[in-house]
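> sharing a sequence plus its predicted fold:
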Amino acid sequence: MKDGKYQVSKSRDLNASRMNSGYNQDNFENGLLRLSHDEFSVDKYYFQEGQYLDEETIRKWLSRSSDDDQGLNPGKGPIIFQQLMEQDFLDENGKIAGISLGFAFNSVYYDNDGKATDISRDDLMANARQTVNSVLTRVRQLDGLGKVPIVIGLFEQASKDNIVGGTYIYKAVSKDGKTTIDKFDSVKEEYASLPVINNQTNAATDDGLAGKFDTFKDSIQGFFPNLSGVTGIAYYQEGVLQNVSIVIETKYYSKTEITSFTQFVGKQVESVFNIGEPDIEVQINSIEGPQAFVAKRSGEEAVYSHIFQ
């Protein structure tokens, strides 16, 4: 906040337009914040949107080396380096204490005609190592960023048709003004789509969550048939379930219908996803938009619900 006003990112418009799906965009932003909290605890630091790298600067760095002398993408062939995002962290006095940089790389490149080209993990990482060190060298020259810790997150963007989005694959922290990263630490996270169809397997089938979701879904649809769909995404870290987000699309319109439906959903969340489960969040939508929200926090029996007015 400056002069009583919230400071939006200096690359705000670019942040909203570069990723190939909303799923990738959400995972890219939220995932970087999770990685950042390992270095910048919420108890000690205040988050601020990026104030150092503006849209023009990032565009130049994302360009091809053949088009701009600052470009970090290959002169020919697939674009690998897709997006760069900055997050800032301030101390209790409002001074910069460190920043995080999220680097998004393509696993699939789409040319202007829509033709898709797969990019191997080896090719992605070869570009990533060079890109990260080049960006670090440039960022360290900016006023105030010469010595602060810089968290680095490498995000692998999924294809356009992937309904859960990409994940962070590596992380690192640059300290004491260093401009190179010698070693990246692996990030093991996974987003699992629910329901699981066509006998596929993922983390949710391995730990039994897929079966619980099917029970929840069948119960909801059996009692209230006027639904358009029940879908969910489960998030795992190091193979351990962290949270489940469920979206229910309804065709209900009246407040009494939504109220009854929300109460029933809450009861099912309470009974199906029992104590010991992670955070469960359910958003109930209609054609008019969000209608209600149901949540159950990890280790708690009680379910919280809210119906939007």
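Perfect, I can see it now.

> which residues in the stretch 201-309 of the chain form helices?
203-206, 209-223, 255-272 (DSSP state H, counting those that start in this stretch).

> need those helices in TSV (columns: mean neighbour count, mean pLDDT and distance to residue 126).
Yep, even glycine has a C-beta here, placed from its N, CA and C like the rest. Formatted as TSV, the helices of the stretch 201-309 of the chain follow (neighbours: other C-beta atoms under 10 Å; pLDDT from 0 to 100; distance: least, C-beta to C-beta, whole Å):
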stretch	mean neighbour count	mean pLDDT	distance to residue 126
helix 203-206	18	92	29
helix 209-223	17	93	36
helix 255-272	17	91	46
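
> can you add distance to residue 136 and give those back as CSV?
Formatted as CSV, the helices of the stretch 201-309 of the chain follow (distance: least, C-beta to C-beta, whole Å):
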stretch, distance to residue 136
helix 203-206, 33
helix 209-223, 39
helix 255-272, 45
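
> mind listing what the nearest residue to residue 94 once chain neighbours are set aside touches?
Counting by C-beta to C-beta, 6 or more residues apart in numbering, the nearest residue to residue 94 once its immediate chain neighbours are dropped is residue 46, at 7.6 Å. Residues near residue 46 by C-beta atoms under 8 Å, 6 or more residues apart in numbering: 89-92, 94.

> what do you get if the cut-off is 10 Å, keeping everything else the same?
By C-beta atoms under 10 Å, 6 or more residues apart in numbering, residue 46 lies in contact with 1, 40, 88-92, 94, 97.

> what's the most distant pair in these?
1 and 40 (17.3 Å; C-beta to C-beta).

> of the two, give the one with the bigger neighbour count.
Higher neighbour count among residue 1 and residue 40: residue 40, with 24 against 10, using other C-beta atoms under 10 Å.

> distance check, the more buried one against residue 63.
As for residue 40, its distance to residue 63 is 30 Å (criterion: C-beta to C-beta, to the nearest Å).

> returning to that earlier point: buried ones among the contacts of residue 46?
40, 88-90, 97 (16 or more other C-beta atoms under 10 Å).

> TSV for the residues you listed, including distance to residue 283 and secondary structure?
Listed next are the buried ones among the contacts of residue 46 as TSV, based on distance: C-beta to C-beta, whole Å; DSSP: H, G, I helix; E, B strand; the rest coil:
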residue	distance to residue 283	secondary structure
40	29	coil
88	30	strand
89	30	strand
90	32	strand
97	35	strand
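
> which of these lies closest to residue 204?
Distance to residue 204 across the buried ones among the contacts of residue 46 (C-beta to C-beta) is lowest for residue 40, with 30.8 Å.
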